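Asks: Quick check, what structure comes out for this input:
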Amino acid sequence: MADLTNAQKKEYAGLLYLRENLTQQEIAEKVGVSRRTVGTWITTGKWEEMKAGLTMTREQQIMNLQRQIAEINRVIAQRPTGERFASATESKTIAQLSAAIDKLEKDAGLKDLISSATRFLVWLRSIDTGKAKEFGVLWDNFIRSTL
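Replies: Numbering: from 1, shown residues only. Purely as a prediction, here's the structure:
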């Protein structure tokens with residue numbers, strides 16, 4: 001990964017740390033830096049805290065946004081007949097929540113790609129470790145090309 005900037009290496013290392021449950025040494029080898037550098041990035045970037053905070057998946061975020069829309073609609077439905085319509089603020093909030101849901105449903109970023117590949121690699125390792133290693137190398141090359 002010599003052709004990547006330090007910032008790109010740090011970003012890639014962060015994604016590996018947060019998503020792949022690799023050791024610092026494994027991350028260092030994949031990224032092309034020392035284990036000590038990875039350790040420094042973990043500390044200064046507070047990656048440990050970030051890892052603990054990654055409990056909410058995209059699906060959970062979408063469900064939470066949908067619950068908020070449902071709650072607004074429930075409040076509107078409880079109003080007296082003839083007043084069951086959204087206020088300007090409620091309409092704006094519903095539109096913003098809907099846009100956020102749409103973005104989450106459509107946006108497949110690098111983090112999601114790495115997450116999917118990680119799940120696939122775990123599955124593939126249980127079947128064929130050789131192919132898992134082969135796929136891992138190809139996947140690393142693909143990720144490098146997207147950075």
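Asks: I'd like to know how far S91 sits from R67.
Replies: With the distance defined as CB to CB, to the nearest Å, S91 ends up 18 Å from R67. C-beta coordinates here come from the backbone N, C-alpha and C atoms, glycine included.
Asks: now Q61
Replies: 11 Å.
Asks: same deal with K51?
Replies: 26 Å.
Asks: contacts for stretch 76-83?
Replies: Residues from elsewhere that reach stretch 76-83, judged by CB atoms under 8 Å, 6 or more residues apart in numbering: R84, F85, A86, E90.
Asks: Now do the nearest residue to the last one once chain neighbours are set aside, the pLDDT please.
Replies: The shortest distance from E90 to any residue that is not its chain neighbour, by CB to CB, 6 or more residues apart in numbering, is 5.5 Å, and that residue is I72. Note on I72: pLDDT of 96.
Asks: which SSE is I72 in?
Replies: Element membership of I72, judged by DSSP states H and E, is helix 58-77.
Asks: residues of the helix-or-strand element of the chain with minimal mean pLDDT that come out buried?
Replies: The least trusted helix or strand in the chain, going by mean pLDDT, DSSP states H and E, turns out to be helix 47-52, with a mean of 78. For helix 47-52, burial by neighbour count (16 or more other CB atoms under 10 Å) applies to W47.
Asks: Who are the packing partners of that helix?
Replies: helix 6-20 (3 or more CB pairs under 8 Å, 6 or more residues apart in numbering; DSSP states H and E).
Asks: hmm, who's touching the helix or strand following the helix it packs on?
Replies: Remark: after helix 6-20, the chain's next helix or strand is helix 24-31, criterion DSSP H and E. By CB under 8 Å, 6+ apart, the surrounding residues in contact with helix 24-31 are 1, 9, 12-13, 16-17, 22, 34-35, 37-39, 42, 140.
Asks: next one: stretch 33-44
Replies: By CB under 8 Å, 6+ apart, the list of residues contacting stretch 33-44 from outside reads K9, K10, A13, G14, Y17, Q24, Q25, I27, A28, V31, W47, E48.
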